[in-house]
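Undergrad: curious how this folds, go ahead:
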Amino acid sequence: MAGSQDMFDAIVMADERFHGEGYQEGYEEGNSLGIIEGRQYGTLHGAKIGSEIGCYQGFAFTWRCLLHSCATEKDSKKMKALESLIGMIQKFPYDDPTYDKLHEDLDKIRGKFKQLCSLLNVQPDFKISAEGSGLSF
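TA: Predicted coordinates for the structure are as follows:
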């Protein structure tokens with residue numbers, strides 16, 4: 001009787017053992033795939049943000065050159081908003097993805113950009129697509 005009891009326990013314990021081993025293998029594989037997928041997502045998202053900020057910076061530098069060449073007293077408000085946008089872009093933490101106010105700062109830059117476009121009376125359309133990103137007017 002003891003022999004049949006041990007055989008039954010081995011069968012029951014095998015099921016539990018295989019369940020535990022399968023769970024552990026699945027967890028390790030899922031963890032590995034999650035890291036890879038997370039890295040790909042982070043790279044893509046970071047590139048989109050970098051492209052957006054780069055377009056804002058190019059826009060701001062171009063308009064600063066244009067306004068400096070024919071600056072009038074009327075353009076002082078535009079220049080102030082322009083310098084504010086450039087300052088915000090220069091302070092943006094490009095190399096710190098753990099910065100807790102990253103999205104807040106990005107939203108402030110977007111808002112300042114929209115304000116500047118209103119002051120300059122331009123209607124930009126920033127697009128991110130598979131072909132690339134950029135501003136169009």
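Undergrad: mean confidence for stretch 52-70?
TA: Stretch 52-70 carries an average pLDDT of 89.
Undergrad: with stretch 123-130 instead?
TA: 65.
Undergrad: cool, stretch 27-47 as well?
TA: If you average the pLDDT over stretch 27-47, you get 87.
Undergrad: same thing with stretch 75-90?
TA: In the prediction, stretch 75-90 has an average pLDDT of 90.
Undergrad: how far is it from where the chain is centred?
TA: A distance of 24 Å separates the centroid of the chain from that of stretch 75-90, by Cα atoms, centre = their mean, to the nearest Å.
Undergrad: residues touching the closest residue in space to Ile49 that isn't next to it in sequence, list them.
TA: For Ile49, ignoring the flanking residues on the chain, the nearest one in space by Cβ to Cβ, 6 or more residues apart in numbering is Leu106 at 6.6 Å. All C-beta spots, glycine's among them, are computed from the backbone N, C-alpha and C. Neighbouring residues of Leu106 by Cβ atoms under 8 Å, 6 or more residues apart in numbering: Ile49, Glu52, Ile53, Phe92.
Undergrad: quick one: which of those sit in helices?
TA: Ile49, Glu52, Ile53 (DSSP state H).
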